[in-house]
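Peer 1: Pasted the sequence and its predicted model underneath.
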Amino acid sequence: MNKKTFKIFLLVVSILSIYKIVEYRVTKKLDAYLITQELNYDTLSINLLFGNITLENVSKKKDSLQLSAEKLEIKGVSYYQYLKNNSIYIQDLKTINSTITGKILKKGHKKETRKDSSKKAPLDLKIDNIDFENVEIDIQKNDNFPLTVKNISFVINDFELDTSQNKSIPFLYSNLEVSVIDFETQYSKVQKVKFSKLIFEKDNLSLDSLEIVPLKSREKYIYHVSEEKELMTLLSEKVVISDIKISEKEKFNFTANHILFEEVFFNLYLDGTVLEHPDKRKDLYSKSLRELPFNIDIKNVEIKKSKIVYEEYTIEGNKPGILNFDNLNAQISNINNNSVRENNVTTAKIQSNFMKYSPLDIEWIFDINNKNDNFRIKGSLFDVNSKNMSSFLLPTMNVKMDGYIDKMYFDFEGNDYTSNGKLNLDFKNFNIKVLDKDKSKKKVLSWLANLFIKDSSKNGIVKVATENVERDRTKSFWNFFWKNVEKGLQNSLI
């Protein structure tokens with residue numbers, strides 16, 4: 001080895017030695033810092049040349065939550081950005097096979113810390129790519145109900161932390177992709193929600209096998225709620241939301257071009273025999289949407305091949321009254337609570353078969369930002385027989401109706417207080433039977449009921465108007481709609 005080669009060799013060895021010494025000291029300092037942050041791990045390795053950090057078997061306890069990962073990789077840390085701009089820039093952040101367990105504490109349980117009088121400058125953090133693979137969750141929420149997820153994976157590109165303002169989304173990004181497998185959580189003593197798969201990518205979200213299911217039987221659920229309410233079952237094969245945009249200026253904003261619900265089964269069961277009906281206001285849909293704590297703008301909602309079943313148990317010993325809406329399809333346009341937008345009229349067009357065989361068409365119009373909650377609902381119903389009419393009235397009111405409705409056209413306009421409208425009927429052979437508890441006919445009451453039925457209206461076409469039908473504001477919009485139909489039938493028959 002000549003003298004020149006020896007000098008080069010010595011220089012290389014010196015550089016490598018210095019590098020290793022610096023890397024060792026940086027590792028020690030980082031190790032000491034991570035201990036102060038209560039971050040536990042088995043091994044820590046650093047590559048100063050490329051700005052890479054790797055931790056294996058990492059775990060951290062945050063309040064009552066335990067976070068762990070098989071591996072945490074940080075690549076491409078920029079020394080230049082840190083030294084010149086006092087900011088943290090990272091090319092890639094990745095975790096592999098992570099778990100989150102424990103319990104989310106209520107805010108009141110959080111330990112108070114003294115506020116530093118000297119305001120710290122907001123942290124400037126930028127990460128080109130974040131990749132969390134195979135995250136498993138098994139936690140207890142602050143309402144003491146469980147939440148489990150078998151697998152979450154997500155990728156965020158061009159992540160930038162934004163703590164300069166008090167925002168609900170304190171970061172910016174250019175792209176987000178999320179995959180969730182087997183999500184399940186309980187949200188009350190009697191209900192839970194779950195789905196098999198969620199995919200979010202390129203501003204589109206798809207949800208497979210969405211379910212909201214009871215945890216208690218129909219006989220027992222009412223004893224586990226604080227007030228009279230329905231037990232819900234919802235099953236949807238597919239939910240697709242297209243062109244989602246989320247932003248935040250003065251308020252959180254959610255927009256979507258199209259939402260599709262496919263093959264939905266929606267069942268509501270009410271036990272009205274145990275608890276009193278709550279004396280609590282139920283807002284119309286326009287008011288509920290108007291008063292959301294965020295802005296919403298959905299261009300179109302579509303419901304395909306679905307079914308709605310409403311059951312009400314009101315008289316002990318009777319079966320529940322039942323209303324079926326089969327083969328339901330709906331198109332809803334312009335769900336928007338932006339008060340400065342010119343066109344805020346929401347239109348819903350619904351087609352279904354009432355009680356399997358009676359075609360029902362509804363067009364429903366309302367303005368979310370109208371403070372009086374004005375609405376108009378019109379439509380038609382054909383071929384309703386006595387069995388269908390009595391399926392709800394007989395179990396809930398001990399009233400049986402015989403006859404046949406050939407055609408019914410309705411058109412009602414109203415607001416949060418009252419409504420007016422018209423009802424056109426073409427029906428045959430109407431007869432009312434009032435039954436006692438053992439289902440035998442109460443002859444005197446039935447005779448009186450039929451005595452007051454107009455002779456001319458037992459058969460034929462009748463056109464009637466309804467005026468000043470008052471809304472019970474402790475009940476839903478659909479109860480109000482039914483009161484208008486009921487008033488029209490009374491005016492037609494009596």
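Peer 2: Received, thanks.

Peer 1: where do the strands sit along the stretch 351-494 of the chain?
Peer 2: For the stretch 351-494 of the chain, the strands defined by DSSP state E, counting those that start in this stretch cover 358-367, 375-385, 399-414, 418-434, 460-470.

Peer 1: Mind putting those strands into a markdown table with mean pLDDT?
Peer 2: What follows is the strands of the stretch 351-494 of the chain, written out as a markdown table (pLDDT from 0 to 100):
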| stretch | mean pLDDT |
| --- | --- |
| strand 358-367 | 95 |
| strand 375-385 | 92 |
| strand 399-414 | 84 |
| strand 418-434 | 80 |
| strand 460-470 | 85 |
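
Peer 1: Pretty sure residue 79 sits against residue 50.
Peer 2: No - with contact defined as CB atoms under 8 Å, residue 79 does not count as touching residue 50 (11.0 Å). Glycine gets a C-beta too; all of them are placed from N, C-alpha and C.

Peer 1: overlap in contacts of these two?
Peer 2: In terms of CB atoms under 8 Å, 6 or more residues apart in numbering, residue 79 and residue 50 are not both contacted by any residue.

Peer 1: circling back to that earlier point, could you dump the strands of the stretch 351-494 of the chain into a markdown table with mean neighbour count added?
Peer 2: Shown next, in a markdown table, are those (neighbours: other CB atoms under 10 Å):
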| stretch | mean neighbour count |
| --- | --- |
| strand 358-367 | 17 |
| strand 375-385 | 18 |
| strand 399-414 | 18 |
| strand 418-434 | 18 |
| strand 460-470 | 14 |
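
Peer 1: can you put those in a markdown table and add distance to residue 136?
Peer 2: Below are the strands of the stretch 351-494 of the chain laid out as a markdown table (distance: least, CB to CB, whole Å):
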| stretch | distance to residue 136 |
| --- | --- |
| strand 358-367 | 44 |
| strand 375-385 | 47 |
| strand 399-414 | 51 |
| strand 418-434 | 52 |
| strand 460-470 | 54 |
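
Peer 1: Please name whichever of the ones you listed is nearest to residue 215.
Peer 2: Comparison of the strands of the stretch 351-494 of the chain against residue 215 by CB to CB identifies strand 358-367 as nearest, at 32.6 Å.

Peer 1: contact partners of the closest one?
Peer 2: Outside strand 358-367, the residues touching it (CB under 8 Å, 6+ apart) are 284-286, 325, 344-354, 373-384, 388.

Peer 1: so what's the residue nearest the centre of the chain bridging to?
Peer 2: With distances taken as CA atoms, centre = their mean, residue 193 lies nearest the centre of the chain, 10.0 Å away. In this entry, residue 193 is beta-bridged to residue 185, residue 212, by DSSP bridges.

Peer 1: Tell me which residues touch it, please.
Peer 2: 184-185, 187, 210-213.

Peer 1: With distance to residue 160 added, can I get those residues in JSON lines?
Peer 2: Compiled in JSON lines, the contacts of residue 193 are given as follows (distance: CB to CB, whole Å):
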{"residue": "184", "distance to residue 160": "33"}
{"residue": "185", "distance to residue 160": "30"}
{"residue": "187", "distance to residue 160": "33"}
{"residue": "210", "distance to residue 160": "33"}
{"residue": "211", "distance to residue 160": "37"}
{"residue": "212", "distance to residue 160": "36"}
{"residue": "213", "distance to residue 160": "40"}
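
Peer 1: Not counting its own residues, what contacts stretch 205-224?
Peer 2: Counting by CB under 8 Å, 6+ apart, 186, 189-199, 228, 231-241, 244, 269, 271, 274-275, 313 sit against stretch 205-224.

Peer 1: So which of those residues are in strands?
Peer 2: Residues of these located in strands (DSSP state E): 186, 191-199, 231-241, 269, 271, 313.

Peer 1: just to revisit the earlier point, compare the strands of the stretch 351-494 of the chain and give me the one nearest residue 146.
Peer 2: Using CB to CB as the measure, strand 358-367 is the one of those that comes nearest residue 146, at 38.3 Å.

Peer 1: what are the pairing partners of that closest one, and which direction each?
Peer 2: Applying DSSP bridges, strand 358-367 is found paired with strand 345-354 (antiparallel), strand 375-385 (antiparallel).

Peer 1: For it, C-alpha coordinates in PDB please.
Peer 2: These are the backbone C-alpha positions of strand 358-367, laid out as PDB (Å, rounded to 0.1, in the frame of the first residue of the first chain):
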ATOM      1  CA  SER A 358    -100.800  -1.300  -4.000                       C
ATOM      2  CA  PRO A 359     -98.700   1.100  -6.200                       C
ATOM      3  CA  LEU A 360     -97.700   4.300  -4.200                       C
ATOM      4  CA  ASP A 361     -96.100   7.400  -5.700                       C
ATOM      5  CA  ILE A 362     -95.000  10.400  -3.600                       C
ATOM      6  CA  GLU A 363     -93.400  13.700  -4.500                       C
ATOM      7  CA  TRP A 364     -92.300  15.700  -1.500                       C
ATOM      8  CA  ILE A 365     -90.800  19.200  -1.700                       C
ATOM      9  CA  PHE A 366     -89.400  21.400   1.100                       C
ATOM     10  CA  ASP A 367     -86.900  24.200   1.600                       C
END
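
Peer 1: quick one, that strand and strand 399-414 angle?
Peer 2: Relative orientation of strand 358-367 with respect to strand 399-414: 30 degrees, computed using axes from the mean of the first three to the mean of the last three CA atoms, to 10 degrees.

Peer 1: Which one, of the strands of the stretch 351-494 of the chain, ends up nearest to residue 42?
Peer 2: Judging these by CB to CB, what sits closest to residue 42 is strand 358-367, at 60.6 Å.
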